[in-house]
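Peer 1: Prediction below, plus the sequence it came from.
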Amino acid sequence: MPRQDQHHRNKNYHHHISLTGNHSLRMKRTFIALPVSPSSEWTLLVEKIRHQLQKQKIKWVKQELLHLTLAFLGDTNEELINEISRALTGIAPHHHAFTLSFRGMGLFPDKALWIGIENNTALNQLAEHVHETISHFGFQHPQMFSPHITIGRPKEKGLTPVITHALAPYQNHLIHRQEITQFSFYESIFSREGPEYRPIASYALTEKST
């Protein structure tokens, strides 16, 4: 689960990785993530929390946009995107599909409401491989990897006490389990209707050995 104390000290709580070097005019905002498919229990729980906090100014993440970020690249040169995508292809064969357990809810004060992830060696190894691969393209390795799913963002400061109170009963609640069979390279597109996360490419992990 996310380590809240470390996130307070680390402004890059969303795993931002900065790019060194020149930028061309043709840029796309990109990130690498695991797609998430919420269960009915997950959906009902989030709806319950939303109802409890309906008077608070919170921007809730649409269910179809939920994901677990492995690496946030930010503005990325289109030509570099193709090279990164080819490099990511070489990662998948070295990692088997695995099961993630989503447990607990919490808050990064004034930043994000989240659902936590139980510690998972396979996930950590995949994230490390991704970070190592993109570091060859000038992206700096993050100080830490703290996996979580952002479900909402406060739109004003000072909401920490009321949000923390609403989430407290679920600090150690098992919310969902999901088989992870692939990871994806996404482009983030912003419009008046809100963000859209468009897959640039997806990479299938090796099937579990029987």
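Peer 2: Yep, it's here.
Peer 1: Does residue 126 lie in a helix or a strand, and which?
Peer 2: Here residue 126, judged by DSSP states H and E, is contained in helix 121-135.
Peer 1: which residues sit against that helix?
Peer 2: Helix 121-135 is contacted by residues 17, 32, 70-71, 73, 84, 87-88, 90-91, 94-96, 98, 100, 117, 139, 141-142, 145, 147, 180, 183, 205 when judged by Cβ atoms under 8 Å, 6 or more residues apart in numbering. Every C-beta, even on glycine, is put in place using the N, C-alpha and C of the backbone.
Peer 1: any idea which helix or strand comes after that helix?
Peer 2: Using DSSP H and E, the helix or strand that follows helix 121-135 towards the C-terminus is strand 148-154.
Peer 1: mind checking how far that following strand is from the chain centre?
Peer 2: Remark: strand 148-154 is offset 9 Å from the chain centroid, using Cα atoms, centre = their mean, to the nearest Å.
Peer 1: May I see the buried residues of that strand?
Peer 2: Going by neighbour count (16 or more other Cβ atoms under 10 Å), the buried part of strand 148-154 is 148-152, 154.
Peer 1: Nearest to residue 176 among those?
Peer 2: Ranked by distance to residue 176 (Cβ to Cβ), these are led by residue 149 at 9.3 Å.
Peer 1: ok, and the closest non-adjacent residue to that closest one?
Peer 2: Spatial nearest neighbour of residue 149, excluding adjacent residues (Cβ to Cβ, 6 or more residues apart in numbering): residue 115 at 4.4 Å.
Peer 1: Provide the partner residues of the one you found in its beta bridges.
Peer 2: residue 105, residue 149 (DSSP bridges).
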